[in-house]
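Asks: model this:
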Amino acid sequence: MGDFFGFAQELLEKGRARVGDPYAHAELYDLLNQSVRDDQFYVQFARDRGGRVLDLACGSGRLLPDLLEAGLEVAGLDLAPAMLTRARERLGARAASVELVLGDMRSFSFARPFDTIIIPYCSMIYMHSDQDRLAVLQSCSQQLKEGGWLAFDFLVGQVELGESVPTLALQGVNPFTEEILVSVVQIKGLAPDLRLLNQINYVHPKGPEPAQVVVYASREAVVIPERMVQLLSEAGFEAEGVYSGSAMQAYAGGEECLIIARKRTVRRG
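Replies: Below is the predicted model of the structure:
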């Protein structure tokens, strides 16, 4: 199955749109993802534990300045070069204080272990199978000190099969380029645990350049908390808490789940 369906597919077939990389323009990514939740939870979580922290799938580095200001030794890893460039720009003169690494969250290695690893913004949705999720958790376990901490959130539930009604995601003027931007999103359920998102951006430049239509695609997975706890155990963790969100209320249903886990201590002698 291809990555595009419905109107996005029609636009491509008629040559009226081009395919874009959602991570190639980090400023636009930030603009389209302004609803940032749980930032302070992750910063406080890392601050309380101290030492060395890894922001895994750090994206454009929204948390990195606050982690630095919390007095932590900070590293970040992301798969998109443009995102890491944006993170360095965000940090400015402090960029040299943060170890920023290009890499895959399923397989990564640092010279020194961490006290805490965080995976915010539901980045686990891009792991589409238990094999991928387990690989992430195993890599985290290998990079944590004994007794080290892991916190991450993810999407829960069951995906409705078929195509949803398109919805308006954003409209406004891009503050970086002064382009008029209208963004429409449509979702197609592929399986009970996997959905395909198509995003159509209508871009009208400020200058004489012609308007553009750019389409993007991404796949997102959901997983039940019980299965995630099992995967954590397989990777060498003990789940310390399963919550509905940063308010730390025990998970009792809902579309998002937050798990705090700790790497098992190896008994010696």
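Asks: quick one, strands of this protein?
Replies: Ranges of strands within the chain are 18-19, 52-56, 73-78, 99-102, 114-119, 144-155, 162-163, 167-173, 180-191, 194-204, 212-221, 237-243, 256-263, based on DSSP state E.
Asks: what average pLDDT does the last one get?
Replies: Mean pLDDT, taken over the full extent of strand 256-263, equals 97.
Asks: which of the strands of the chain sits most buried?
Replies: Across the strands of the chain, averaging neighbours per residue (mean count of other CB atoms under 10 Å) puts strand 52-56 on top, at a mean of 26. Where C-beta positions appear, they are placed from N, C-alpha and C, glycine not excepted.
Asks: mind listing what the residue nearest to P120 when sequence neighbours are not counted touches?
Replies: Once flanking residues are discounted, P120 sits nearest to Y42: 5.0 Å by CB to CB, 6 or more residues apart in numbering. Contacts for Y42 (CB atoms under 8 Å, 6 or more residues apart in numbering) come out as L63, I118, P120, A151.
Asks: any stretches of the protein with poor pLDDT?
Replies: For the chain, applying pLDDT under 70 flags the ranges 1, 25-38, 268-269.
Asks: so what touches the longest helix belonging to it?
Replies: Criterion DSSP state H: the longest helix present in the chain is helix 130-143. With contact meaning CB under 8 Å, 6+ apart, helix 130-143 is reached by 54, 56, 105-110, 113-114, 117, 119, 124, 127, 150, 223, 227-228, 231-232, 234-237, 263.
Asks: okay, buried residues for it please.
Replies: D130, D132, R133, L134, A135, V136, L137, Q138, S139, C140, S141, Q143 (16 or more other CB atoms under 10 Å).
Asks: ok so, going back, between the contacts of Y42, which is nearest G92?
Replies: L63 (15.5 Å; CB to CB).
Asks: ok, which stretches of the stretch 1-150 of the chain are helices?
Replies: Residue ranges of the helices in the stretch 1-150 of the chain, as given by DSSP state H, counting those that start in this stretch, are 6-13, 26-32, 39-49, 64-69, 81-91, 130-143.
Asks: return the distance of stretch 89-108 from the chain's centre.
Replies: Relative to its chain's centre, stretch 89-108 lies at 15 Å (CA atoms, centre = their mean, to the nearest Å).
Asks: how far does it stretch from start to finish?
Replies: Across stretch 89-108, the terminal residues are separated by 23 Å (CA to CA, to the nearest Å).
Asks: ditto for stretch 176-195
Replies: Stretch 176-195 stretches 31 Å from its first residue to its last (CA to CA).
Asks: follow-up on the earlier one: which one among the buried residues of helix 130-143 gets closest to L68?
Replies: Distance ranking of those against L68, using CB to CB, places Q143 first at 19.7 Å.
Asks: for S107, see how far away the closest one is.
Replies: Note on Q143: its distance to S107, by CB to CB, to the nearest Å, is 11 Å.
Asks: quick one: the closest residue to A235 other than its chain neighbours from P81, how far?
Replies: Once flanking residues are discounted, A235 sits nearest to L137: 3.7 Å by CB to CB, 6+ apart. According to CB to CB, L137 and P81 sit 25 Å apart.
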